[in-house]
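**Q** predicted model follows, preceded by the sequence.
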Amino acid sequence: MLKVKVTTVGNSVGVVLPKEALARLRVAKGDTLCITETPNGIELSPYDTDFEADMAAARKVMRRYRNALRELAK
């Protein structure tokens, strides 16, 4: 378990991740992270542009075929 402290960063509030956490996440300074809420708290993961594009395509399909998908879910 790694502990971090919430601190002031300019006019905002943030946390500083230790090098060990950055290595585990395989991220570096300047990379973008995703925060996902889970039943056990939050999950921090690297931002994946391919996944975001896939999700955008899935949302488009779900909007277009929402009635058919609703019927299939019954």
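**A** Structure received.

**Q** show me what the helix-or-strand element of the chain with minimal mean pLDDT is in contact with.
**A** Evaluated with mean pLDDT, DSSP states H and E, the helix-and-strand set of the chain has its lowest mean pLDDT in helix 49-64, which scores a mean of 85. Outside helix 49-64, the residues that touch it by Cβ atoms under 8 Å, 6 or more residues apart in numbering are residue 69. The C-beta positions use only the backbone N, C-alpha and C, and glycine is treated the same way.

**Q** toward the C-terminus, what is the element adjacent to that helix?
**A** With elements assigned by DSSP states H and E, the helix or strand that comes after helix 49-64 is helix 66-73.

**Q** so which other helices or strands are in contact with that following helix?
**A** Using 3 or more Cβ pairs under 8 Å, 6 or more residues apart in numbering; DSSP states H and E, no helix or strand is in contact with helix 66-73.

**Q** which outside residues touch that helix?
**A** residue 62.

**Q** kindly calculate the angle that it makes with helix 49-64.
**A** Helix 66-73 runs at 90 degrees relative to helix 49-64, counting by axes from the mean of the first three to the mean of the last three Cα atoms, to 10 degrees.

**Q** off-centre distance for helix 66-73?
**A** Its chain's C-alpha centre and that of helix 66-73 lie 28 Å apart, by Cα atoms, centre = their mean, to the nearest Å.

**Q** so that it lines up with my notes, have the first residue be 495 from now on.
**A** Understood, numbering begins at 495; the last thing we discussed is helix 560-567.

**Q** residue 536 pairs with what?
**A** For residue 536, the beta-bridge partners are residue 531 (DSSP bridges).

**Q** that one is in contact with residue 530, isn't it?
**A** Yes - here residue 536 lies in contact with residue 530, judged by Cβ atoms under 8 Å, at a distance of 6.7 Å.

**Q** count of neighbours near residue 500?
**A** Residue 500: 9 surrounding residues under other Cβ atoms under 10 Å.

**Q** does it touch residue 508 like I think?
**A** Yes - applying Cβ under 8 Å, one finds residue 500 in contact with residue 508, separated by 7.4 Å.

**Q** contacts only, for the residue nearest to the spatial centre of the chain.
**A** For the chain, the residue nearest the mean C-alpha position is residue 528 (2.5 Å; Cα atoms, centre = their mean). Each residue near residue 528 by Cβ under 8 Å, 6+ apart is listed here: 538, 539, 540, 541, 542.
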